[in-house]
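[1] Provided below for reference: sequence and predicted model.
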Amino acid sequence: MDERCTLKRCFSHPPPEVFEAARLLDAAVSAHMLGRREIAEQLIRLADMPAIAGWTNSIWGTGGPWSRPRPVNDPLPYLPEFQRAAKRMPGKTELVALLRRDGFRCRFCRMPLVRKETRDHLRGAYPSALRWESNKNIDQHTALQAMWLQYDHIVPHSRGGTSELDNMLVTCAPCNYGRGHLTLEEVGLLDPRSDEVQPSDWDGLERFRP
Ligand SMILES: [Zn+2]
C-alpha cells in the first residue's frame with residue numbers, strides 16, 4: 001500500500017464550534033472598533049465554549065498522539081542539549097516572513113489563529129470576558145486557547161531541527177503540543193509543505209487596537 005494512504009493531514013478536524021467562535025471573536029473586534037464595548041464583551045464570552053476544550057484535550061492531553069508514536073525505520077535520535085541548534089526559534093524578521101508565508105491558519109488543520117500578543121491586547125481591554133490563567137489550562141478561554149498561534153518545527157528541535165524557515169510552520173496549539181517531540185512520520189501526518197498555502201480572509205484579529 002502507498003505509505004501516503006496511511007497518513008493524515010491533521011490529527012482531528014476542529015469541531016464546528018471553533019469556526020463559530022472565530023466568527024464571534026471577529027464580530028467582537030468589529031464591535032470594539034465601533035466603540036460598542038458591551039457587545040464586544042458579550043461576544044468574547046459567547047466564544048468561550050466548553051466543547052472546544054474537549055476537542056483540544058483529546059489532542060494534547062493524556063493519550064494524545066504524542067504519547068503513542070508509530071514504529072518507524074531509523075528514527076531520528078533525540079539529541080543532548082549541546083548538540084541541538086543553538087538558536088531554537090527564528091528572529092523577529094523571520095517570524096514576520098513566516099506569518100506572511102503561512103497566514104493566520106494552522107498549516108495542519110486550517111484552524112483560524114490568534115497570536116499571543118494580539119490575545120494579550122484583547123485581554124487587556126476585556127479582562128473579565130477573556131479569562132486566562134497562564135499556568136492553568138482549565139482557566140483559559142477555550143477558543144483562544146485552541147486558536148493560539150504557534151511557530152512549530154517540522155523536524156523537532158530536540159531531534160536536530162533548525163529554526164530555518166523551511167523547517168518552520170504556523171500551527172495551532174493542539175497540533176503543536178499534540179505532536180510534541182515526535183516527527184511527522186512518527187505521528188502519521190502528511191508534510192504540509194507539499195501543499196500550497198490556501199488564501200484566507202481571516203486576519204488573526206490583527207486589526208484590534210486597544
Ligand atoms: Zn491545527
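    Nice, thanks for sending it over.
[2] count of residues packed around the closest residue in space to Val72 that isn't next to it in sequence?
    Nearest residue to Val72, sequence neighbours excluded (Cβ to Cβ, 6 or more residues apart in numbering): Glu185, at 5.0 Å. C-beta coordinates here come from the backbone N, C-alpha and C atoms, glycine included. Residues lying near Glu185 (other Cβ atoms under 10 Å) number 16.
[3] with Pro71 instead?
    Using other Cβ under 10 Å, Pro71 is surrounded by 6 other residues.
[4] how about Ile39?
    Ile39: 15 neighbours (other Cβ under 10 Å).
[5] list the contacts of it.
    Residues near Ile39 by Cβ atoms under 8 Å, 6 or more residues apart in numbering: Ala28, Ala31.
[6] quick one: mean pLDDT for the helix or strand encompassing it?
    In this structure, Ile39 sits in helix 37-46 according to DSSP states H and E. The average pLDDT within helix 37-46 is 98.
[7] just stretch 152-164 next, same as before
    pLDDT averaged over stretch 152-164 gives 97.
[8] also stretch 196-210?
    Rounded mean pLDDT across stretch 196-210 is 94.
[9] just the terminal-to-terminal distance for that stretch.
    Length of stretch 196-210, first residue to last, Cα to Cα, to the nearest Å: 34 Å.
[10] and the closest residue in space to Leu76 that isn't next to it in sequence, how far from Glu206?
    In space, and not counting its chain neighbours, Leu76 is closest to Arg159: 4.2 Å by Cβ to Cβ, 6+ apart. Between Arg159 and Glu206 the computed distance is 32 Å (Cβ to Cβ, to the nearest Å).
[11] show me the contacts for the residue nearest to the spatial centre of the chain.
    Residue closest to the mean C-alpha point of the chain, counted by Cα atoms, centre = their mean, is Cys172 at 1.1 Å. Contacts for Cys172 (Cβ under 8 Å, 6+ apart) come out as Pro14, Cys106, Phe108, Cys109, Met111, Leu113, Ala146, Met147, Trp148, Leu149, Gln150.
[12] for stretch 118-129, which positions count as buried?
    Thr118, Arg119, His121, Leu122, Arg123, Ala125, Tyr126, Ala129 (16 or more other Cβ atoms under 10 Å).
[13] about what we covered before: the ion next: which of the contacts of Cys172 are close?
    Cys106, Phe108, Cys109, Met111 (Cβ under 5 Å from the ion).
[14] dump the longest helix seen in the chain to CSV, keeping only the CA atoms.
    Assignment by DSSP state H gives helix 16-33 as the longest helix of the chain. C-alpha atoms of helix 16-33 as CSV (Å, rounded to 0.1, in the frame of the first residue of the first chain):
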residue,chain,number,x,y,z
PRO,A,16,-17.7,23.5,14.2
GLU,A,17,-17.7,25.4,17.5
VAL,A,18,-14.1,26.6,16.7
PHE,A,19,-15.2,28.3,13.5
GLU,A,20,-18.3,29.7,15.2
ALA,A,21,-16.1,31.1,18.0
ALA,A,22,-13.7,32.6,15.4
ARG,A,23,-16.8,34.3,13.8
LEU,A,24,-17.9,35.7,17.2
LEU,A,25,-14.4,36.9,18.1
ASP,A,26,-14.1,38.7,14.7
ALA,A,27,-17.5,40.3,15.4
ALA,A,28,-16.3,41.3,18.9
VAL,A,29,-13.3,43.1,17.4
SER,A,30,-15.6,44.9,14.9
ALA,A,31,-17.9,45.9,17.7
HIS,A,32,-14.9,47.2,19.8
MET,A,33,-13.6,49.2,16.9
